[in-house]
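> After the sequence you'll find the predicted model.
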Number of protein chains: 6
Amino acid sequence: MQSSVEEYNRYREKMNEKLLSAGNNKIIKRIFNLDTNTYMDGALDARTKEMLGLVASMVLRCDDCIKYHLQQCHEMKLSTDELMEIFAVANLVGGTIVIPHTRQAMEFWEDLQTS
Amino acid sequence: MQSSVEEYNRYREKMNEKLLSAGNNKIIKRIFNLDTNTYMDGALDARTKEMLGLVASMVLRCDDCIKYHLQQCHEMKLSTDELMEIFAVANLVGGTIVIPHTRQAMEFWEDLQTS
Amino acid sequence: MQSSVEEYNRYREKMNEKLLSAGNNKIIKRIFNLDTNTYMDGALDARTKEMLGLVASMVLRCDDCIKYHLQQCHEMKLSTDELMEIFAVANLVGGTIVIPHTRQAMEFWEDLQTS
Amino acid sequence: MQSSVEEYNRYREKMNEKLLSAGNNKIIKRIFNLDTNTYMDGALDARTKEMLGLVASMVLRCDDCIKYHLQQCHEMKLSTDELMEIFAVANLVGGTIVIPHTRQAMEFWEDLQTS
Amino acid sequence: MQSSVEEYNRYREKMNEKLLSAGNNKIIKRIFNLDTNTYMDGALDARTKEMLGLVASMVLRCDDCIKYHLQQCHEMKLSTDELMEIFAVANLVGGTIVIPHTRQAMEFWEDLQTS
Amino acid sequence: MQSSVEEYNRYREKMNEKLLSAGNNKIIKRIFNLDTNTYMDGALDARTKEMLGLVASMVLRCDDCIKYHLQQCHEMKLSTDELMEIFAVANLVGGTIVIPHTRQAMEFWEDLQTS
């Protein structure tokens, strides 16, 4: 059986490939490139930047973006206590409409521990 | 078989418990507390406040938030005519991007009548 | 000297006239018409609908829309206690990004008392 | 088996009918009417307007609205190269949070070719 | 005396220069570059793309972005009738919260005719 | 003469006091309280949390919220290089509609250096 993490990653990769090949659109390619480069170590380290990406995705309520950054945060050994404080900022700034996305984020975070 | 109402409530309760226990985060707990207290009778009655919560959830296009307030409105005996006028305000102010959420809200409202 | 209320209304009326006359666009005219009709007494009374319009404008953070509905609420004798509870719902649901708009709303509400 | 296009259209039509009959709400009816009339040939042709509707739906991240306009664009013989340039504008203006919606749009676009 | 068009352009250019020089940030530079390239002639012509950029800016309610695209549309000889139909799509899709931004857009459009 | 920083702080404090005293609304008071507590040292340090608050405010395009967090970041000795990387994440995730808010943020950041 496939985990929610595997399912998310497979669909994401499959469709990204199609977007990058279809029409051979340079702007889309460059946006995808930027998306990788922005989160690399710089004046701020990659770990901090992933936290920034996560909180931005949460207040904009983009479940798929949240999942992506949760995976990155998981790889960078973010603790659940740290995660909860990012959730707190997102729910405070973005309001209770962020709660349903926080529920889904929590579920995906648990799946990441076991996958 | 489980209705959409039961499914929604079960997932919501399960994940809320996890959010409240994980990391023992005080800010999250206090936001959840506020979420209950804000809709209590005051200068405005609870029924009016639930309508306010519903229209706010609709223009912000948060399906789960909409379902929550639909349940509260249902318990407070909102009529379908009244509901339709809330839908009208939400679709006027928020535009036609609110229509798909209104379709889902209508379906959940019907499920509430029979659950 | 001109109050903030007069200034708001004068600009709003001047530009609405231009929008309605320029190009003679039927869709714009019908949207403006709908905007009037939606807030009339129906299954819900006009007072409740103006409160719905206000909270929707607040969570969507539209200062001019907020001013419009504040005027309507003022004419319909909303009390400051009632207003504060609408502010509370808006700030809870929409988060702390609503606070700056609440500050401006409070200032306009005070201007309405003296204009 | 039912395609994603058929499934989308069937649900959309079923719920639109319910919204239009329930409560007999005039505002909702007029908004639905406007939604049809706005995209008709005028100073701009219908094809251009459907592209405008698509890009607006994308930056507002409304998957169902995107599907609707993709169908219209498909009927009006938009090429995949043209579509990709609309995707590019949407992802540039709206940011990387639009990417997941672009993935879904791409999948639906493919389904439209074979349905 | 300085027109609103000159004022907008001067501030925009002054601050863009500071953003591009400060910290010498490559990501910001590349986003600015993309912003220019996205609107060039391609499968869709530049005129259509500017209309797409305008409607996207309107539904996202970004006054400064609207002004930018209005200038481009003005240079590409968009007629006021065509503009009004873009306004119509934006107000329909984005709702009446777009109206105040449409009023400001109209005023800037008039300033563009005389500047 | 008064700087933009002083002007911002004076208005903010004046209106916050009115909001907290008017109607004596407990929900508003508790949201303001939470707003202070959320950004205190915890599993994440206050400096990181202010960066989270800043990027969240930027993608939600709330100029006043941005100014508040810029002040906090300035007090916590954020460098301009670090700031530029937060700007980069915000403009990537939120899109080019964030650019005008980034211009204003840059201007306020400069004012903070000299005030």
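Ah, there it is. Numbers count the residues shown, from 1 in each chain, chains lettered A, B, ... in the order given.
> Determine if any part of stretch A:44-64 is in contact with chain F.
Yes. Applying CB under 8 Å from any CB of the partner chain, one finds stretch A:44-64 touching chain F at A:44, A:48-49, A:51-53, A:55-60. Quick note: C-beta positions are derived from backbone N, CA and C, even for glycine.
> hmm, that stretch touching chain B?
Yes. When contact is scored as CB under 8 Å from any CB, part of stretch A:44-64 falls within range of chain B: residue A:61.
> picking that back up, filtering the residues of stretch A:44-64 next to chain F by proximity to chain D, which remain?
The residues of the residues of stretch A:44-64 next to chain F that also fall near chain D, by CB under 8 Å from any CB, are A:57, A:60.
> Sort out which of the residues of stretch A:44-64 next to chain F are in strands and list them.
With DSSP state E as the criterion, strands contain none of the residues of stretch A:44-64 next to chain F.
> biggest separation within the residues of stretch A:44-64 next to chain F, which pair?
Comparing every pair within the residues of stretch A:44-64 next to chain F by CB to CB identifies A:44 and A:60 as the most remote, at 20.0 Å.
> will you turn the residues of stretch A:44-64 next to chain F into TSV that also has neighbour count and distance to chain C?
Formatted as TSV, the entries for the residues of stretch A:44-64 next to chain F read as follows, by neighbours: other CB atoms under 10 Å in any protein chain shown; distance: CB to the nearest CB, whole Å:
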residue	neighbour count	distance to chain C
A:44	24	23
A:48	23	22
A:49	25	22
A:51	28	18
A:52	29	17
A:53	25	18
A:55	30	12
A:56	30	13
A:57	27	15
A:58	28	11
A:59	28	8
A:60	23	12
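> quick one: contacts for whatever residue of chain A ends up closest to chain C?
At 3.0 Å from chain C, residue A:95 is the closest residue in chain A, using CB to the nearest CB. With contact set as CB atoms under 8 Å, 6 or more residues apart in numbering or on different chains, residue A:95 has these partners: C:59, C:91-98.
> and residue A:25, what is it in contact with?
If you count contacts by CB under 8 Å, 6+ apart, residue A:25 has them with D:81, D:84-85, D:87-88.
> shouldn't residue A:71 be in contact with residue A:6?
No. Contact criterion CB atoms under 8 Å: residue A:71 and residue A:6 do not qualify, at 11.2 Å.
> So between these two, which is more surrounded?
residue A:71 (18 against 12; other CB atoms under 10 Å in any protein chain shown).
> where does that one land in three-state SS?
The three-state assignment at residue A:71 reads helix, by DSSP: H, G, I helix; E, B strand; the rest coil.
> Distance check, it against chain F.
Going from residue A:71 to chain F by CB to the nearest CB, to the nearest Å gives 16 Å.
> same deal with residue A:74?
Using CB to the nearest CB, we find residue A:74 at a distance of 16 Å from chain F.
> mind checking the backbone torsions on residue A:35?
Main-chain torsions, residue A:35, degrees, to the nearest 10: phi -60, psi -30.
> Need the pLDDT of it.
Per-residue confidence (pLDDT) for residue A:35: 95.
> can you tell me which residues contact the nearest residue to it once chain neighbours are set aside?
Leaving out its chain neighbours, the residue that sits closest to residue A:35 by CB to CB, 6 or more residues apart in numbering or on different chains is residue D:96, at 5.3 Å. Applying CB under 8 Å, 6+ apart, one finds that residue D:96 lies in contact with A:31, A:35, A:65, F:92-93, F:95.
> Mind checking which of those residues are in strands?
Secondary structure from DSSP E places none of the contacts of residue D:96 in strands.
> and residue A:51, how far is that from chain D?
Residue A:51 sits 16 Å away from chain D when distances are taken as CB to the nearest CB.
> Name the nearest residue to that residue, sequence neighbours excluded.
What sits nearest to residue A:51 in space, not counting adjacent residues and going by CB to CB, 6+ apart, is residue A:86, at 5.8 Å.
> Can you give me the buried ones in the one helix or strand the one you found maps to?
Taking DSSP states H and E as the definition, residue A:86 sits inside helix A:80-94. For helix A:80-94, the buried set under the neighbour-count rule, 16 or more other CB atoms under 10 Å in any protein chain shown, comprises A:80, A:82-94.
> how close does the residue lying closest to residue A:82 once chain neighbours are set aside sit to residue C:19?
Nearest-residue entry for residue A:82: residue F:43, 4.6 Å, with adjacent residues in sequence omitted and distances by CB to CB, 6+ apart. Distance, residue F:43 to residue C:19, using CB to CB, to the nearest Å: 52 Å.
> what about the two, which has more around it?
Legend: neighbour count by other CB under 10 Å for residue F:43 and residue C:19, higher for residue C:19 (22 against 17).
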